[in-house]
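Participant: Only the shape, not the letters, is given here:
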């Protein structure tokens, strides 16, 4: 029993009755009683004096419990369908999803916020990589630190997939197929356009390291973060030239976008110095390239 009554005083108090015929002093089914003494009521703002608190409490409780039911009625769907839409399940027909979303906007229900409130995990995917090298590790540690500051959990996962598989046939990690578990994804490693399309189709928010995305994609359509490969290679080459080196080679597989951008910066620095660019294009993985460059 919750009582707002100053200790040591026996002044009469009144219990607020609701509008459903309860007699004075009759408690709610959950045994909640609002007890306000006459002397205490005078300390309330004028607009709150004489308020039917019991009826107000019942109205608020009813409104919270009935919000999805009201939405289901407005959209002419079942409450279960509303729940699936709120969780972001891809199995809902697009036309029905749109109808529920329009009804939610009309009723002032924020389905995106509801879904985010249910999920507390941010996923970090290291895609198509054997090792977490220094750069990826720094991204991971920075992500973990920010999640901790926001009272979120960071889940690391290593995942391999083929860029040739159509987005609709791409099998994602199992946890991403469970709606309402992972709130958003950070994509590290080497990703392809089909992964971006698959996550978008499943309505999973994500940010991707744009340097290492293969395939035909438009960076302006996604949340992509880049490091400046071109300027980095340009500055590195310029430093070597200033140190007196002239026979400078670039070794890499320039069919890969990150090597192609580095080669662009290298070539620009060499040409500005009046030196011929020397590019050895080797189609190999990072381990073999490192071995050949060292040898």
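Facilitator: All right, it came through fine. Keep in mind the model is a prediction, meaning the values are calculated, not measured.
Participant: Can you give me the distance of residue 231 to residue 142?
Facilitator: Look at residue 231 and residue 142: by CB to CB, to the nearest Å, they are 21 Å apart. For the C-beta atoms, the positions are set from N, CA and C on the backbone; glycine is no exception.
Participant: Just list whatever residues bridge to residue 121.
Facilitator: Per DSSP bridges, the residues bridged to residue 121 are residue 153, residue 182.
Participant: What is the neighbour count of it?
Facilitator: For residue 121, the count of nearby residues is 16 (other CB atoms under 10 Å).
Participant: Go ahead and confirm it touches residue 183.
Facilitator: Yes. Residue 121 is within contact range of residue 183, at 6.0 Å (criterion: CB atoms under 8 Å).
Participant: list the residues that contact both of those two?
Facilitator: residue 152 (CB atoms under 8 Å, 6 or more residues apart in numbering).
Participant: what about the helices in the protein?
Facilitator: 38-41, 53-75, 79-87, 94-107, 111-118, 134-149, 193-201, 229-242, 257-272, 286-294 (DSSP state H).
Participant: check contacts around the nearest residue to residue 205 once chain neighbours are set aside.
Facilitator: Nearest residue to residue 205, sequence neighbours excluded (CB to CB, 6 or more residues apart in numbering): residue 184, at 4.2 Å. Residue 184 sits next to 122-123, 204-207 when contact means CB under 8 Å, 6+ apart.
Participant: a markdown table for those residues, including neighbour count?
Facilitator: Formatted as a markdown table, these follow (neighbours: other CB atoms under 10 Å):
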| residue | neighbour count |
| --- | --- |
| 122 | 22 |
| 123 | 23 |
| 204 | 18 |
| 205 | 16 |
| 206 | 20 |
| 207 | 16 |
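Participant: Give me the subset of these lying in strands.
Facilitator: Using DSSP state E, the members of those that fall in strands are 122-123, 206-207.
Participant: Kindly reformat the residues you listed as a markdown table containing distance to residue 219 and pLDDT.
Facilitator: Below are those laid out as a markdown table (distance: CB to CB, whole Å; pLDDT from 0 to 100):
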| residue | distance to residue 219 | pLDDT |
| --- | --- | --- |
| 122 | 22 | 92 |
| 123 | 21 | 93 |
| 206 | 13 | 94 |
| 207 | 12 | 94 |
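Participant: Check those and tell me the two furthest apart.
Facilitator: Farthest apart among these by CB to CB are 123 and 207. That separation is 11.1 Å.
Participant: Show me whatever sits in contact with both of those two.
Facilitator: Taking CB under 8 Å, 6+ apart as the criterion, residue 123 and residue 207 both touch 184-186.
Participant: Could you let me know which of those ends up closest to residue 246?
Facilitator: Nearest to residue 246 among the shared contacts of residue 123 and residue 207, with distances taken as CB to CB, is residue 186, at 41.9 Å.
Participant: closest to residue 235 among the contacts of residue 184?
Facilitator: residue 207 (26.1 Å).
Participant: tell me which residues form a beta bridge with that closest one?
Facilitator: Taking DSSP bridges, one obtains residue 186 as the residues bridged to residue 207.
Participant: What distance do you get for it to residue 139?
Facilitator: For residue 207, the distance to residue 139 - CB to CB - is 10 Å.
Participant: Would you indicate which residues of stretch 260-279 are buried?
Facilitator: 261-270 (16 or more other CB atoms under 10 Å).
Participant: An error on my part: the question was meant for stretch 239-250.
Facilitator: 240-241, 248, 250.
Participant: Now the two most distant members of those residues.
Facilitator: 241 and 250 (13.2 Å).
Participant: any idea how far residue 87 lies from residue 254?
Facilitator: 44 Å.
Participant: ah, wrong one, I meant residue 93
Facilitator: With distances taken as CB to CB, residue 93 is found 45 Å from residue 254.
Participant: Looking at these two now, which is surrounded by more residues?
Facilitator: Counted by other CB under 10 Å, residue 93 and residue 254 do not tie: residue 254 has more neighbours, with 19 against 10.
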